[in-house]
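>>> I'll drop the sequence and a predicted model, then ask my questions.
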Amino acid sequence: MIPLALLYALSVKLALVLALSSLKLQGPPTLPSDASHLLNPALASFSIETAFFEEFFGNASAPNRLSLSLLENLKARTGVPAEIRIGGITADSTYWNASQSAALSNFIDSAGALHNTTIGPQFWKSVGLLPHGTKITMTLDLHDLNYEDALLMAKATFEGLVPGQLFAFEIGNEPDQYQVPFTPQSYTAVWATWAKNISTALGIKSPEFQLGATVIDPIWPYDTPGASSALDCVSALAAGADNGHVAKTCSEHTYQYSVCDPARTAVATLPNLVNHTRLAEYLDLWQPRIGAVRQQLGDDAFVIGEYNSVSCSGKDGVSNTFGQALWLLDTILYATSINVSRLYMHQGGPLALQSSTQLNHGGLSFYDMWHPVQNQNGPIQVFPSYSTYLFVGEVLGHSTSLKIANLYPGRQANGSSITTALGDQSAGQLVAYGFWDTSQPSSHSFPTKFALLNLQIFNQTQSGPRPKVEFDISAFRRDQHRPIKIRRLQAPGADVKLSNLTTWAGQSYFSGVATGDLKEEKQQSSIIAVQASEAALVFL
Ligand SMILES: *[C@@H]1O[C@H](CO)[C@@H](O)[C@H](O)[C@H]1NC(C)=O
Ligand SMILES: *[C@@H]1O[C@H](CO)[C@@H](O)[C@H](O)[C@H]1NC(C)=O
Ligand SMILES: *[C@@H]1O[C@H](CO)[C@@H](O)[C@H](O)[C@H]1NC(C)=O
Ligand SMILES: *[C@@H]1O[C@H](CO)[C@@H](O)[C@H](O)[C@H]1NC(C)=O
Ligand SMILES: *[C@@H]1O[C@H](CO)[C@@H](O)[C@H](O)[C@H]1NC(C)=O
Ligand SMILES: *[C@@H]1O[C@H](CO)[C@@H](O)[C@H](O)[C@H]1NC(C)=O
Ligand SMILES: *[C@@H]1O[C@H](CO)[C@@H](O)[C@H](O)[C@H]1NC(C)=O
Ligand SMILES: *[C@@H]1O[C@H](CO)[C@@H](O)[C@H](O)[C@H]1NC(C)=O
Ligand SMILES: *[C@@H]1O[C@H](CO)[C@@H](O)[C@H](O)[C@H]1NC(C)=O
């Protein structure tokens, strides 16, 4: 798409940061040629670390009402529950024990290190607590290279879940990071054989396996020598992973920041996180892979099966803030605009043996959307980023015919986002997405919704007036007289960590249900003011 022309006014801010104060979005209002595929109703899904599943959802005799209520709120908006992937590093040391009475049991040594996890028949009753219709992706242990154990777990899952509930099996978590390294060929030899043999053993006829679950960032540019020998979805497919027609989807994991070691901890700051240029440049690395996977396995086949902002369990003051909520919103919308089908946000806790230099030890992760139980890192609480999933749920609504396009800063000729260096006048602070409902040909003429993000950081600790930007969407309105409706994602600042200060459409969700009066603005004007560290959903 041709970069959008824009009108802007400059106002000089402190520290020589130039910020826009108005932005007129340029038409035409018709569905852009680079619009995405149809948005998947389970776009905003979850990955739950296997060993922490009970901590999150409880069990049949002690369900975790907070977690379940938070998931029901999401389902109410789209009619389709968020999907749950049960996986993460502990899936590679999780075993099935048919005679175990506890739903889930973790073997933790006296030093606090988790050695392994066993699940028994009661585990499926815990899974059964999830909202009706929740699809499950189950990760089997590949790391031990024990086919019989993987088959046992697959069989227990297949029999334990409600018929039709299984979305897919994964075999192994992040196999590109195993200490004994796989090549695409050695991985594929095991993966394809197991997937085929498990399918035969369980009588599975259609492809029911999710390939990959790899995590190492693509080597860039993708034609660099060595890039194609990395283990990922594309190299595994090239090595024949789908020769037996078992691959349904392909998953890669994304974590742009990390606190696994001090060097990366220093870079994992709030201003780096809440920056469209940075996050779009990162996600753009996957574009060639997304394209190749969709071409081979279908439009809906590329998922980010595990992700969060800061690996090794997040960073206090960064990943548990309202800034994370804005990062999450832009990440989901941008990834969708480049045709990622679904994103599964990872929830769990720090693992003692993940890295010898990691920042976090014990409790639940600082990047979780909520803490379902009291733990070393604080009381039971919901974090600001939960409200982002409500925003996304209302973008989707009950429509199954929506397409998204990134209107600002827009795309380069090769499909990547326009960066700060290439002329994004807002330096990664202003982002606009349009949504077209393609159910009828006439609905291709005008968008039905807009998501407007102002990522400029405003902290609650900051004094002085809060900056704002006026977006002008007049070029996109079918009828200037019909009032537009606006719902906002708000907090007193990007550094806020409390969900009782975070609101979506005027309501906060600290107790798991909406508190406060629903706030929806109605206006005739096409000028929409969005404050620094705020996002708005506009219904045309
Ligand atoms: C996304 O998919 C749609 C439909 O398949 C296609 O037209 C569009 O070019 C794709 N976008 C990108 C960035 O590949
Ligand atoms: C399975 O669980 C039962 C009951 O807790 C226990 O006695 C048995 O040792 C376990 N089996 C294995 C292989 O760990
Ligand atoms: C269910 O959870 C409660 C509270 O954690 C625990 O005491 C009980 O043993 C669990 N039941 C099963 C079947 O795991
Ligand atoms: C779990 O780890 C402990 C300690 O290393 C070991 O004794 C036990 O056999 C393991 N359990 C399984 C099911 O592998
Ligand atoms: C998979 O099935 C093939 C054909 O039945 C068999 O030769 C092979 O040993 C099996 N491999 C594993 C790991 O079970
Ligand atoms: C698109 O081009 C830019 C340079 O203008 C480059 O930095 C980026 O990596 C390219 N993206 C893709 C997906 O090739
Ligand atoms: C966002 O990141 C880009 C790329 O690193 C940088 O050039 C730009 O200045 C950043 N924006 C702000 C407001 O810091
Ligand atoms: C806001 O606070 C964060 C830390 O919470 C800090 O990194 C950032 O520099 C602050 N930004 C501004 C504009 O004050
Ligand atoms: C929000 O929650 C915090 C921590 O529980 C509490 O200290 C504060 O008073 C609450 N604020 C509001 C506005 O309810």
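Good, I have the coordinates. Numbers count the residues shown, from 1 in each chain. Ligands and ions are numbered 1, 2, ... in the order given.

>>> So what pairs up with the most centrally placed residue in the chain in the strands?
Centrality entry for the chain: nearest residue to the mean C-alpha point is L343, 3.8 Å, by C-alpha atoms, centre = their mean. Counting by DSSP bridges, L343 is bridged to A44, I304.

>>> need the contact list for it.
Listed by C-beta atoms under 8 Å, 6 or more residues apart in numbering, the contact partners of L343 are 43-45, 303-304, 307, 331-332, 335. C-beta coordinates here come from the backbone N, C-alpha and C atoms, glycine included.

>>> do that again at 10 Å, thanks
L343 is in contact with 40, 42-47, 254, 303-307, 328, 331-332, 335-336, 392, counting by C-beta atoms under 10 Å, 6 or more residues apart in numbering.

>>> Next one: it from Q412, what distance?
23 Å (C-beta to C-beta, to the nearest Å).

>>> Next, the contact list for the closest residue in space to D261 that isn't next to it in sequence, please.
Once flanking residues are discounted, D261 sits nearest to T357: 4.5 Å by C-beta to C-beta, 6 or more residues apart in numbering. Neighbouring residues of T357 by C-beta under 10 Å, 6+ apart: 259-265, 312.

>>> same deal with P207?
168, 195, 199, 242, 244-249, 297-298, 301.

>>> which of the residues you listed lies closest to S22?
Distance to S22, by C-beta to C-beta, is smallest for A301 among the contacts of P207, at 40.4 Å.

>>> State the pLDDT value of the closest one.
At A301, the model reports a pLDDT of 98.

>>> show me the residues around it that make contact.
Taking C-beta under 10 Å, 6+ apart as the test, what A301 contacts is 207, 210-211, 233, 247-251, 290, 293-295, 339, 341.

>>> In strands, which of those residues fall?
210-211, 247-251 (DSSP state E).

>>> Give me the mean pLDDT for stretch 134-144.
Rounded mean pLDDT across stretch 134-144 is 98.

>>> what comes up buried for that stretch?
For stretch 134-144, the neighbour count (16 or more other C-beta atoms under 10 Å) marks 134-143 as buried.

>>> just stretch 160-167 next, same as before
So for stretch 160-167, counting by 16+ other C-beta under 10 Å, buried means 160-161, 165-167.

>>> Can I get those in CSV including distance to S439 and secondary structure?
Conversion of these to CSV gives the following (distance: C-beta to C-beta, whole Å; DSSP: H, G, I helix; E, B strand; the rest coil):
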residue, distance to S439, secondary structure
G160, 38, helix
L161, 32, coil
Q165, 28, coil
L166, 30, strand
F167, 25, strand
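
>>> Take those residues and write them to a markdown table, including distance to ligand 8 and pLDDT.
Below are the buried residues of stretch 160-167 laid out as a markdown table (distance: C-beta to the nearest ligand atom, whole Å; pLDDT from 0 to 100):
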| residue | distance to ligand 8 | pLDDT |
| --- | --- | --- |
| G160 | 44 | 98 |
| L161 | 42 | 97 |
| Q165 | 41 | 97 |
| L166 | 42 | 97 |
| F167 | 38 | 98 |
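
>>> so what's Q347 bridging to?
I48.

>>> Can you check the pLDDT for S110?
87.

>>> Would you mind giving the secondary structure of it?
coil (DSSP: H, G, I helix; E, B strand; the rest coil).

>>> I am assuming A111 contacts G362, so please confirm or correct that.
No - counting by C-beta atoms under 10 Å, G362 is not a contact partner of A111; they are 11.2 Å apart.

>>> higher neighbour count, those two?
G362 (13 against 7; other C-beta atoms under 10 Å).

>>> Going along the chain, name the strands of the stretch 101-250 of the chain.
104-108, 114-119, 136-140, 166-171, 209-214, 247-258 (DSSP state E, counting those that start in this stretch).

>>> and the next element down the chain from the last one?
Which is strand 247-258. helix 262-267 (DSSP states H and E).

>>> In terms of secondary structure, what does that next one contact?
strand 247-258, strand 302-311 (3 or more C-beta pairs under 10 Å, 6 or more residues apart in numbering; DSSP states H and E).

>>> angle of the longest one against strand 166-171?
What separates the directions of strand 247-258 and strand 166-171 is an angle of 70 degrees, with axes from the mean of the first three to the mean of the last three C-alpha atoms, to 10 degrees.

>>> And strand 247-258, how far out from the chain middle?
Here strand 247-258 shows a centroid-to-chain-centroid distance of 10 Å under the convention C-alpha atoms, centre = their mean, to the nearest Å.

>>> likewise the shortest one?
Centre-to-centre, strand 302-311 and its host chain are 6 Å apart (C-alpha atoms, centre = their mean).

>>> and if you look at stretch 337-349?
The answer for stretch 337-349 is 3 Å, by C-alpha atoms, centre = their mean.

>>> just stretch 364-375 next, same as before
Counting by C-alpha atoms, centre = their mean, stretch 364-375 comes out at 17 Å from the chain centroid.

>>> Could I have the CA atoms of it written out in CSV?
The C-alpha trace of stretch 364-375 is given here as CSV (Å, rounded to 0.1, in the frame of the first residue of the first chain):
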residue,chain,number,x,y,z
LEU,A,364,3.5,-16.3,39.6
SER,A,365,4.8,-14.4,36.5
PHE,A,366,4.9,-10.6,36.3
TYR,A,367,3.4,-10.9,32.8
ASP,A,368,0.3,-12.8,33.8
MET,A,369,-3.0,-11.0,33.1
TRP,A,370,-4.1,-12.0,36.6
HIS,A,371,-2.9,-13.9,39.6
PRO,A,372,-5.6,-16.5,40.4
VAL,A,373,-4.1,-17.3,43.8
GLN,A,374,-2.1,-15.4,46.5
ASN,A,375,1.6,-15.9,45.8
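
>>> What residues does the stretch 101-250 of the chain have near ligand 4?
Residues of the stretch 101-250 of the chain lying near ligand 4 by C-beta under 6 Å from any ligand atom: 107, 115-116, 118.

>>> Now with 8 Å, please.
107, 109, 115-116, 118 (C-beta under 8 Å from any ligand atom).

>>> try the chain
93, 95, 97, 107, 109, 115-116, 118.

>>> mind redoing it with 6 Å?
95, 107, 115-116, 118.
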